[in-house]
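Visitor: predicted model, plus sequence, below.
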Number of protein chains: 2
Amino acid sequence: MPSSSAARPHRLDVLVTIDENYALPFKVMACSIMANNPGARVTFRLLQGDGRSPGGVASLRAYCARIGAELVATRVDGRLLESAPTTKRYPVEMYFRLLAPFLIEDVDRLIYLDPDTLVINPLEPLARTRLAGQDCFAAACHTGVPEQIAKPINNVRLHTEGGYFNTGVILMDLPRARRVVRIGDISEYVSSLMRGTFLPDQDLFNALYGRHTHEVDDGLWNYDPRSYSQYLVISGGQRDFDWVAANTSVIHFCGSRKPWRSSARTRFEALYAHYMAIERRYERR
Amino acid sequence: MPSSSAARPHRLDVLVTIDENYALPFKVMACSIMANNPGARVTFRLLQGDGRSPGGVASLRAYCARIGAELVATRVDGRLLESAPTTKRYPVEMYFRLLAPFLIEDVDRLIYLDPDTLVINPLEPLARTRLAGQDCFAAACHTGVPEQIAKPINNVRLHTEGGYFNTGVILMDLPRARRVVRIGDISEYVSSLMRGTFLPDQDLFNALYGRHTHEVDDGLWNYDPRSYSQYLVISGGQRDFDWVAANTSVIHFCGSRKPWRSSARTRFEALYAHYMAIERRYERR
């Protein structure tokens, strides 16, 4: 869709920290952003580790150019987190998003997105979320039943009080975050995490920065399609599929069933399949 | 999605004959074309009757400009079909598509689309379909079971030999059609039709021009989502939803259940709901 004269021009900076294995879902997500953010000048900010192949980045940059976006890659010096223990399953890249305030200095606001997301409506309202007091992030807590059961456990486990934020979608206000985030805190916490947690990066975010995070509606900004029926019931029937199509901006396929590896069975996977087809159009022919 | 440098520039002329009641589905269809035809310079050619309000056309033209397309309206002189009997249910507009060869002279090839279609992949391959011999149109026959049962009946009823073409999607080669289509034939046939047929315009097309129509694959160009299971079975399991997402260009919601009046229950209606949301973004705010 060409940029419409009716769409207000604005910039949109999207943070990603993918490795080679997530090139395809990243491109699908990128296509979905371009199609659903008319008027946006989109820049993808990629934080990459020392080991990442420059060829892979060049190919992603070329792809972004073909869909009308820019990709700016920043190499992360491994020494920044040299005290952080890592494993194959939990590579150092996982923590990069939290270092963004120190690695990216030329923009004020970023939206971090996991690569297993699909953007079906504009992101601008999230980018403009008002943050008060000491808040420097905005994120959503999933409202499904498992999350509600886990909440008191997480509160004790992580010494938090509010909800447990899902870190697949995070608005970051970088100047505000620089006043709160400390690299030392991150690597220290990482050391303690390795004694066995389920989602170490998410735990870290909640334990260290949950109190600096403004909560946004997961139905709009971090919609878990596995919880469709629960959203529908909790909303008294309002949040049916049409509501999602008209209002939800980010669908987060956060389960183990990934839509780029499965055949489309649900209405949400149907949307994903459509954007996979769009993605293929922009592959180098 | 901005026009990509990788997309080959080409023109795409789409014929529509909607009245005021179909403004919304037309706009949804138009958005779906713009999103899925990168590189295309799209012109919608609207054939309008004497009675159509000029204000309505101006509003459609403004809408098309906002999505990056052009709309060219041609007023049809009612006297062209003055001998054609019409009723409220079968207004004269219904026949306009067949008059296109005489009303539009500045393009060679048009794709006629019913407004209850959604375009999810490029139309260019249809526009470039090779026509041989005396063929001047290309269209699809629906391959569902009801159509297969009706075929021999239609062949007798309409004195045709091949399949019964669905006229929701027609490629028209106008210079070739001018050698075949006669306005007198149309109005004469219309008179006989009114004695009671189910789809008078479709019958007319098949009876008069079926033999000048090149058959194309309905799974690609005129996909009836009610027949999903039949397409799947006939194709030996190949044409699942992912296949449709990757290959089908035109979904034709040709039943009485219209996706702009219903809540999205199926994967196909989910795609429609998504494009309805996109349509709303471009309404005058």
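Guide: Now that the structure is in, tell me what you want to look at. Numbering: from 1, shown residues only, chains lettered A, B, ... in the order given.

Visitor: for the stretch 101-250 of chain A, which segments count as helices?
Guide: Using DSSP state H, counting those that start in this stretch, the helices assigned to the stretch 101-250 of chain A run over residues A:124-127, A:145-158, A:174-178, A:183-193, A:200-209, A:218-221, A:228-234, A:241-247.

Visitor: mean pLDDT for those helices: which is lowest?
Guide: Note on the helices of the stretch 101-250 of chain A: helix A:145-158 shows the lowest mean pLDDT, a mean of 69.

Visitor: if we can go back for a sec, now tabulate the helices of the stretch 101-250 of chain A in CSV and tack on mean neighbour count and distance to chain B.
Guide: Where you see a C-beta, it was placed from the backbone N, CA and C, and this is true even at glycine. Below are these laid out as CSV (neighbours: other CB atoms under 10 Å in any protein chain shown; distance: least, CB to the nearest CB, whole Å):
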stretch, mean neighbour count, distance to chain B
helix A:124-127, 18, 11
helix A:145-158, 14, 24
helix A:174-178, 17, 27
helix A:183-193, 16, 37
helix A:200-209, 21, 29
helix A:218-221, 22, 13
helix A:228-234, 16, 11
helix A:241-247, 20, 4
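
Visitor: save those as CSV, and put in distance to B:I120 too.
Guide: Shown next, in CSV, are those (distance: least, CB to CB, whole Å):
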stretch, distance to B:I120
helix A:124-127, 26
helix A:145-158, 34
helix A:174-178, 38
helix A:183-193, 44
helix A:200-209, 35
helix A:218-221, 25
helix A:228-234, 23
helix A:241-247, 15
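
Visitor: A:L118 is nearest to which of those helices?
Guide: In terms of CB to CB, the element of the helices of the stretch 101-250 of chain A nearest to A:L118 is helix A:241-247, at 11.3 Å.

Visitor: what does the closest one rub up against?
Guide: A:120-121, A:219-220, A:223, A:228, A:231, A:235, A:251, A:267, B:263-265, B:270, B:273-274, B:276-277, B:280 (CB atoms under 8 Å, 6 or more residues apart in numbering or on different chains).

Visitor: now a ChimeraX select for only the buried ones of those residues.
Guide: Here is the ChimeraX command that selects only those of these that count as buried (16 or more other CB atoms under 10 Å in any protein chain shown):
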select /A:120,121,219,220,223,228,231,251,267 /B:264,270,273,274,276,277
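
Visitor: nearest to A:E105, of the helices of the stretch 101-250 of chain A?
Guide: Closest approach to A:E105 among those (CB to CB): helix A:174-178, 7.6 Å.

Visitor: mind listing what the nearest residue in space to A:H159 that is not next to it in sequence touches?
Guide: In this structure, A:H159 finds its nearest non-sequential neighbour in A:A207, 6.5 Å apart by CB to CB, 6 or more residues apart in numbering or on different chains. By CB under 8 Å, 6+ apart, the contact list for A:A207 reads A:L158, A:H159, A:T160, A:Y189.

Visitor: repeat that for A:V76.
Guide: Taking CB under 8 Å, 6+ apart as the criterion, A:V76 is in contact with A:L47, A:Q48, A:G49, A:D50, A:V92, A:F96, A:L99, A:L103.

Visitor: drop anything exposed from these.
Guide: If we count by 16+ other CB under 10 Å, the contacts of A:V76 have these buried: A:L47, A:Q48, A:G49, A:V92, A:F96, A:L99, A:L103.

Visitor: just say helix, strand or coil for the first one.
Guide: It stands for A:L47. Classification of A:L47 by DSSP: H, G, I helix; E, B strand; the rest coil places it in strand.

Visitor: which stretch of helix or strand covers the residue nearest to it when sequence neighbours are not counted?
Guide: Distances taken as CB to CB, 6+ apart place A:F96 nearest to A:L47, at 4.1 Å, with adjacent residues excluded. Taking DSSP states H and E as the criterion, the element that holds A:F96 is helix A:96-103.

Visitor: counting by contacts, list what that helix packs against.
Guide: In terms of contacts (3 or more CB pairs under 8 Å, 6 or more residues apart in numbering or on different chains; DSSP states H and E), helix A:96-103 is packed against strand A:40-48, strand A:109-113, strand A:165-173, helix A:174-178, helix A:183-193, helix A:200-209.

Visitor: the same query, at a cut-off of 6 Å, please.
Guide: helix A:174-178 (3 or more CB pairs under 6 Å, 6 or more residues apart in numbering or on different chains; DSSP states H and E).

Visitor: off-centre distance for the helix it packs on?
Guide: Taking CA atoms, centre = their mean, to the nearest Å, the mean C-alpha location of helix A:174-178 is offset from the chain mean by 18 Å.

Visitor: neighbours of the nearest residue to A:E283 once chain neighbours are set aside, how many?
Guide: Spatially, and ignoring its direct neighbours in sequence, A:E283 is nearest to A:Y63 (7.6 Å; CB to CB, 6+ apart). A:Y63 has 22 neighbours, counted by other CB atoms under 10 Å in any protein chain shown.

Visitor: likewise A:R128?
Guide: A:R128 has 10 neighbours, counted by other CB under 10 Å.

Visitor: for it, give its distance to A:L171.
Guide: Distance of A:R128 to A:L171, given as CB to CB, to the nearest Å: 9 Å.

Visitor: for the residue in the stretch 51-200 of chain A that chain B sits nearest to, grab phi and psi.
Guide: Using CB to the nearest CB, the closest approach of the stretch 51-200 of chain A to chain B is made by A:G68 at 3.3 Å. Main-chain dihedrals, A:G68, degrees, to the nearest 10: phi 90, psi 20.

Visitor: for the one 5 residues further on, same thing?
Guide: A:A73 adopts backbone torsions of phi -100, psi 140, taken as degrees, to the nearest 10.

Visitor: what about the residue nearest to it when sequence neighbours are not counted, how many residues nearby?
Guide: Using CB to CB, 6+ apart and skipping residues adjacent in sequence, the residue nearest A:A73 is A:L46, 4.4 Å away. A:L46 has 21 neighbours, counted by other CB under 10 Å.

Visitor: if anything else comes up later, I'll come back, but that's it for now.
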